[in-house]
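J.: Generate a structure from the sequence data that follows.
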Amino acid sequence: MGETQLDAALQGEVEGGLEHADFGSGHLYEFALGKLAAAVAEGDAGEIYFRVQAPHGFGRAVQVVLLAGAQYHLAR
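T.: Just a heads-up that it's a prediction; the model follows:
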C-alpha cells in the first residue's frame, strides 16, 4: 500500500465509509481501510475534518485516502 493509487476500488471503500457519516453532527465517523484507520467529521461552518492513522511509511496511502474523501465530499 506504500504505492497506493486512487483507483475505483479504493474510491469505493472510502465512499462506502463516508456514506454512513452523519455530516453536521460534529462527531467523527471512523472506518477501517486495510492497515489504515480513517475518520471524518463536518464542522459547524461546513468545513471537513479528516484524521488518518497509518503505520510508518504509509504517507502516500494517507494522501490518497484524503484525496478520495475530499473528492467524495465535493461531489455530494
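J.: could you pull out the helices for this protein?
T.: All helices of the chain, identified by DSSP state H, fall at 8-18, 59-75.
J.: The residue nearest in space to the middle of the chain: what's it in contact with?
T.: What sits nearest the mean C-alpha location of the chain, by C-alpha atoms, centre = their mean, is Gly69, with 4.3 Å. Each residue near Gly69 by C-beta atoms under 8 Å, 6 or more residues apart in numbering is listed here: Val14, Leu18, Ala38, Val40, Ile48, Phe50. C-beta here means a position set from N, CA and C on the backbone, and glycine is covered the same way.
J.: Give me the buried subset of these.
T.: Buried members of the contacts of Gly69, counted by 16 or more other C-beta atoms under 10 Å: Val14, Leu18, Ala38, Val40, Ile48.
J.: Would you mind putting those residues into JSON lines with pLDDT and distance to Arg60 alongside?
T.: Shown next, in JSON lines, are the buried ones among the contacts of Gly69 (pLDDT from 0 to 100; distance: C-beta to C-beta, whole Å):
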{"residue": "Val14", "pLDDT": "75", "distance to Arg60": "15"}
{"residue": "Leu18", "pLDDT": "71", "distance to Arg60": "20"}
{"residue": "Ala38", "pLDDT": "85", "distance to Arg60": "15"}
{"residue": "Val40", "pLDDT": "81", "distance to Arg60": "19"}
{"residue": "Ile48", "pLDDT": "78", "distance to Arg60": "21"}
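J.: Could you single out the nearest of those residues to Gly59?
T.: Of all the buried ones among the contacts of Gly69, Ala38 has the smallest distance to Gly59: 14.4 Å, by C-beta to C-beta.
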